[in-house]
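Trainee: With the input below, show me the fold.
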Amino acid sequence: MEDPEIERIKQRKLEEMLRQQQENTAQSQVEVVDLDSSNFDHMVSSNNLVLVDFWAEWCGPCRMMHPVFTRMAKKYRHIKFARVNVDNSQDIAMRFGVQSIPTFIMFRAGQAVDRMIGAVGEPGIHMIAQKYQM
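Mentor: Just a heads-up that it's a prediction; the model follows:
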């Protein structure tokens, strides 16, 4: 015969573990979307807030910012995080006057509303994300 108190503790622990597993699954599904000419306009206009990282493979500061950018995407779920490779999508970079990389541009409902240039690190991404907190 099982102790009712032990059964309640086991049930509560099981529910807690399942809840934690669901949260971890949801967090791992957050991804940074790669944009190009085929999906850029749709992405920035169909989402309320989109932070776009303009970068290139050969850019050391850009490579340094990628894990930071990905980590911030998991933290700020109200913002869609995306990247544009300027070598592959020069038309988009020119359209928004990107002359230095990395450049981060915040879009709200399809309009560029803010920009940061350089390897701003986690504090810079945090600052722009907080500025557009809902």
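Trainee: Please make it C-alpha for all contacts and neighbour counts, starting now.
Mentor: Will do.
Trainee: Have a look at this protein and report the helix or strand with the lowest mean pLDDT.
Mentor: Least confident helix or strand of the chain, by mean pLDDT, DSSP states H and E, is helix 4-28 with a mean of 76.
Trainee: now for that helix, which elements pack on it?
Mentor: Using 3 or more C-alpha pairs under 8 Å, 6 or more residues apart in numbering; DSSP states H and E as the contact test, no helix or strand touches helix 4-28.
Trainee: and after that helix, which helix or strand comes next?
Mentor: Note on helix 4-28: by DSSP states H and E, the next helix or strand toward the C-terminus is strand 33-35.
Trainee: Next, the buried residues of that following strand.
Mentor: L35 (16 or more other C-alpha atoms under 10 Å).
Trainee: mind checking how far that strand is from the chain centre?
Mentor: 10 Å (C-alpha atoms, centre = their mean, to the nearest Å).
Trainee: downstream neighbour of that strand in the secondary structure list?
Mentor: helix 40-46.
Trainee: on that earlier part again, for the least confident helix or strand of the chain, the distance to its chain's centre please.
Mentor: On C-alpha atoms, centre = their mean, the centre of helix 4-28 falls 28 Å from that of its chain.
Trainee: No further questions, thank you.
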